[in-house]
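Novice: I would like to see how this sequence folds:
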Amino acid sequence: MLKEKLPLERVYELVKRLRAPDGCPWDRKQTNYTIRYDLVEEAYEVIEAIEAENDMALREELGDLLFLVLMHIRIGEEEGRFKLKDVTEGIINKMISRHPHVFGDVKFEGQDELLDYWEKSKKNAFAGLALSMPSLLLAQKVLSRKKRLKIKRETPRIDLGDLEDADAEKLSQVLFKIASIAEEKGINLEAAFKNFLKKEIAKLRDVNEP
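Specialist: Predicted coordinates for the structure are as follows:
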């Protein structure tokens, strides 16, 4: 039966079969809440495959991520909150409205003008920020949007000297200042710090090798 449908439809039919009354007990008991971090984990595994330039792993991890996205949609459907059609039509409409230079007559001089348009077209550029994203990444998202929207509020002036006695608030201000410097230099601080940590972990592994 699944072979008669398009590939994406086959995956969704598989999800529905697992969620059916006679399906898998584990899949049936899941909610959007219980598998919320599974989605994050799979997304990170996709990133890891990309960074490793491993196409076979990327193909597999994208499949896992797609499965979880469809699982979340199916749960919403079962509970009558939204349907697959709502999700697909929603993203189609959003992408068309965000690309008037492709689907309309608007012209942009370059990428910066396009990004400015995207930021200014949102009702509230900061309300849509995902607060669950990694803190360094979130900090740079905030700083980037402040810059594009020409918000004058300055980041706090912080002395980066002796931090031995700094409390959590002071250390957080220091991190935000560092994120601000990285943003000005065009450095993705989350990726840079992750690469640094990978090197440190590799060194520690070498030290602890028997």
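
Novice: Could you count how many residues lie near Ile75?
Specialist: 19 (other Cβ atoms under 10 Å). Backbone N, C-alpha and C define where each C-beta goes, glycine included.

Novice: Please apply the same query to the one 5 residues further on.
Specialist: Taking other Cβ under 10 Å as the criterion, the count of residues near Gly80 is 7.

Novice: One more: Tyr12?
Specialist: Using other Cβ under 10 Å, Tyr12 has 21 other residues around it.

Novice: Surely it and Leu84 touch.
Specialist: Yes. Contact criterion Cβ atoms under 8 Å: Tyr12 and Leu84 qualify, at 6.8 Å.

Novice: Please name the residues that touch Lys107.
Specialist: Neighbouring residues of Lys107 by Cβ atoms under 8 Å, 6 or more residues apart in numbering: His101.

Novice: same question, the one 10 residues further on
Specialist: Contacts were defined as Cβ under 8 Å, 6+ apart; by that measure Tyr117 touches Pro100, Val106, Phe108.

Novice: residues in contact with the last one?
Specialist: Yep, that's Phe108 we're talking about. His101, Leu114, Tyr117 are the contacts of Phe108 under Cβ under 8 Å, 6+ apart.

Novice: Could you do the second one as well?
Specialist: Listed by Cβ under 8 Å, 6+ apart, the contact partners of Val106 are Pro100, Tyr117.

Novice: coming back round to it: and the contacts of Tyr117 as JSON lines, adding distance to Asn195, pLDDT and secondary structure?
Specialist: As requested, the contacts of Tyr117 are exported to JSON lines (distance: Cβ to Cβ, whole Å; pLDDT from 0 to 100; DSSP: H, G, I helix; E, B strand; the rest coil):
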{"residue": "Pro100", "distance to Asn195": "37", "pLDDT": "91", "secondary structure": "helix"}
{"residue": "Val106", "distance to Asn195": "38", "pLDDT": "89", "secondary structure": "coil"}
{"residue": "Phe108", "distance to Asn195": "33", "pLDDT": "90", "secondary structure": "coil"}
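
Novice: Just name the closest of the contacts of Phe108 to Glu53, please.
Specialist: Closest approach between these and Glu53, by Cβ to Cβ: Leu114, at 28.5 Å.

Novice: residues contacting the closest one?
Specialist: Contacts for Leu114 (Cβ under 8 Å, 6+ apart) come out as His101, Phe108.

Novice: how close does it get to Lys170?
Specialist: Look at Leu114 and Lys170: by Cβ to Cβ, to the nearest Å, they are 38 Å apart.
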